[in-house]
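>>> Sequence unavailable; structure follows:
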């Protein structure tokens, strides 16, 4: 049973959990937490207050090119090798909504409030249709970014923080959140190593910080870093020095995950 | 519950009292209440009078409606995602059209506004404070016409006009009844209850939807002229 189907596999995205039995022991060594009541970041989803979860929910946050995907790949492999069933989630991946966001972004005319809500709908869809079912079944859910990036991006764009926190109060609270903190000058080099060009939104060009795309990127990523500092005072994030090498970062993350799961 | 007029993104508290600001006129009510007929008449009348008018209706954003429609067809929407997609649709129309046009002095006519979301989402089980917060940024209308009709009249107008009710339209996701017409009735009643609870706090102008169309339109026009006069916007 391949539990890591590509997220875009629309036919299976919702039905995948129909075949999972709560007592299914073929996926041995499921994260051995006992049932515990669902926890949300705030008031949560009104009609899902009495749900019991068995799985573990881990989030890796950080800017573009911070090395998140690499860390998630390595972590997924390790967890599966240890016998855990892993499900991946992330931003803009809901089968229903992600295409709408992609189309909308092509136009570069979407308003800031609209984008915030569209992304909120996408993550809500994943939370209800993928993450919660997986956690109920005892899986380890590994998310490549979560609502924290959404809050940071929107707040950097001028949306009221209190409004954002209340908006995302429906989100399930993760067990562990790692934030890969990378110096913006370091970041820009990593981006260039991947693409030789800078992404419009990740450079904050839509905010009009600067006409110079390089300056804009540095300033915008610095703003995001500050936003994450703020977010860290409200929610518990584990700061990881993302400037270090892949291996050092991985060991730090892996050891904390290990400690948590056992 | 009072949703007070909150600050705009740019921090201007009394932005809609500024000189040259347009007028926001809204109709609310359940399907079959006759609200759409009335607002279409207002639209035509205001245009012939020479006003700059913009008409917008619920669930019509080009960038969102297809996603919403797909979600509805496949019954994939939860109360939360249903709420958020409609909120996204509204936000797009608001940021793209409603707000800029109001700034330019237009008369903006909205067939349904935030009160539709408040009524429906809460009936579906979303937290009231959560939904209120989502729409907190939106400018409050100058006038909200609420078309009040007995449930049976409104329901019959819809059912005799169209043979089949859609899943979410009938509130089937709420499991009120296996029969979609019974479900629809019960669903609309719940929505009416939410609307009625907002009449005082949101200052709805209640219109008797059982009166003649012309009488209703007369009342609405008089009220609209008063709003425009108060703004010094009479053409």
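Great, that's in hand. Please read all numbers here as calculations on a predicted model, not as lab measurements.
>>> Return the residues of chain A in contact with chain B.
Within chain A, the positions near chain B by C-beta under 8 Å from any C-beta of the partner chain are A:14, A:43, A:45-47, A:96-97, A:99-100, A:103-104, A:107, A:109-114, A:116-118, A:120-121, A:124-125, A:128-129, A:158-160, A:163, A:166-167, A:169-170. Any C-beta I mention is one placed from the backbone N, CA and C, and that applies to glycine too.
>>> List only buried entries from these.
Buried members of the residues of chain A next to chain B, scored by 16 or more other C-beta atoms under 10 Å in any protein chain shown, are A:14, A:45-46, A:96-97, A:99-100, A:104, A:110-114, A:116-118, A:120-121, A:124-125, A:128-129, A:159-160, A:163, A:166-167, A:169-170.
>>> gap between the residue of chain B positioned farthest from its centre and residue A:203?
Relative to the mean C-alpha coordinate of chain B, counting by C-alpha atoms, centre = their mean, the farthest residue is residue B:178 (28.1 Å). Using C-beta to C-beta, to the nearest Å, residue B:178 is found at 54 Å from residue A:203.
>>> Ok, residue B:116 next?
Counting by C-beta to C-beta - residue B:116 and residue A:203 are separated by 38 Å.
>>> So which of those two has more stuff around it?
residue A:203 (25 against 22; other C-beta atoms under 10 Å in any protein chain shown).
>>> I'd guessed the more buried one sits against residue A:224; true?
No: using C-beta atoms under 8 Å, residue A:203 makes no contact with residue A:224, being 11.2 Å away.
>>> Could I get the buried residue list for stretch B:87-103?
B:87-99, B:101-102.
>>> So which of the residues you listed are in strands?
Cross-referencing those against strands under DSSP state E gives no overlap.
>>> Find the closest residue to chain B in the stretch 101-250 of chain A.
residue A:111 (3.0 Å; C-beta to the nearest C-beta).
>>> so who does the closest residue to that residue other than its chain neighbours touch?
Nearest residue to residue A:111 in three dimensions, chain neighbours excluded: residue B:95, at 3.0 Å (C-beta to C-beta, 6 or more residues apart in numbering or on different chains). The neighbours of residue B:95, taking C-beta atoms under 8 Å, 6 or more residues apart in numbering or on different chains as the test, are A:111, A:112, A:113, A:114.
>>> how about the helices in the chain?
If you meant another chain, say so; for now it's chain A. A:10-13, A:68-81, A:98-106, A:112-126, A:132-136, A:147-156, A:161-167, A:184-195, A:213-234, A:246-261 (DSSP state H).
>>> hm, I was asking about chain B
Counting by DSSP H, the helices of chain B are B:35-48, B:65-73, B:79-93, B:99-103, B:114-124, B:128-134, B:151-161, B:180-198, B:213-230.
>>> So the third one, near chain A or not?
It refers to helix B:79-93. Yes: using C-beta under 8 Å from any C-beta, helix B:79-93 reaches chain A at B:79, B:80, B:81, B:84, B:85, B:87, B:88, B:91, B:92.
>>> which non-adjacent residue is nearest residue 98?
Using chain A here. residue A:92 (4.8 Å).
>>> Correction: the question concerned chain B.
residue B:108 (5.5 Å).
>>> For that neighbour, give me the pLDDT.
As predicted, residue B:108 sits at a pLDDT of 98.
>>> list the contacts for the nearest residue to residue B:134 once chain neighbours are set aside?
The shortest distance from residue B:134 to any non-neighbouring residue, by C-beta to C-beta, 6+ apart, is to residue B:87 (5.0 Å). The contact partners of residue B:87, taken as C-beta under 8 Å, 6+ apart, are A:117, A:121, B:117, B:134, B:135.
>>> again with residue A:209
A:215, A:216, A:219, A:220.
>>> hmm, which helix or strand of chain B has the shakiest average pLDDT?
helix B:151-161 (a mean of 88; mean pLDDT, DSSP states H and E).
>>> Would you mind listing where chain B has pLDDT under the threshold?
In the predicted model, chain B carries pLDDT under 70 at residues B:1-16, B:161-163.
>>> Around the residue nearest to residue B:187 when sequence neighbours are not counted, count how many other residues there are.
Excluding the flanking residues, the one nearest residue B:187 by C-beta to C-beta, 6+ apart is residue B:171, at 2.8 Å. Neighbour count of residue B:171, defined by other C-beta under 10 Å: 24.
>>> and the residue located most distally from the centre of chain A, what pLDDT?
Relative to the centre of chain A, and counting by C-alpha atoms, centre = their mean, the farthest-placed residue is residue A:211 at 30.1 Å. Here, the pLDDT recorded for residue A:211 equals 92.
>>> Make CSV out of the residues of helix B:79-93 next to chain A and add distance to residue A:76.
Conversion of the residues of helix B:79-93 next to chain A to CSV gives the following (distance: C-beta to C-beta, whole Å):
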residue, distance to residue A:76
B:79, 32
B:80, 28
B:81, 26
B:84, 28
B:85, 30
B:87, 33
B:88, 31
B:91, 35
B:92, 36
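>>> How far off centre is stretch A:227-246?
13 Å (C-alpha atoms, centre = their mean, to the nearest Å).
>>> Pull out the buried positions in that stretch.
A:227, A:228, A:231, A:232, A:237, A:240, A:242, A:243.
>>> May I ask which two of those residues are separated the most?
Using C-beta to C-beta, the two most remote members of these are A:231 and A:243, lying 19.8 Å apart.
>>> for chain A, where's the lowest mean pLDDT among helices and strands?
Lowest on mean pLDDT, DSSP H and E among the helices and strands of chain A sits helix A:10-13, with a mean of 38.
>>> returning to that earlier point: quick one: the buried residues of stretch A:227-246 as CSV, columns for pLDDT too.
Shown next, in CSV, are the buried residues of stretch A:227-246 (pLDDT from 0 to 100):
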residue, pLDDT
A:227, 98
A:228, 98
A:231, 97
A:232, 96
A:237, 97
A:240, 97
A:242, 96
A:243, 97
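>>> The nearest residue to residue A:84 once chain neighbours are set aside pairs with what?
Residue nearest to residue A:84 in three dimensions, not counting chain neighbours: residue A:140, with 4.8 Å by C-beta to C-beta, 6+ apart. Counting by DSSP bridges, residue A:140 is bridged to residue A:56, residue A:86.
>>> Just to check, residue A:140 is in contact with residue A:87?
Yes: Residue A:140 is within contact range of residue A:87, at 7.3 Å (criterion: C-beta under 8 Å).
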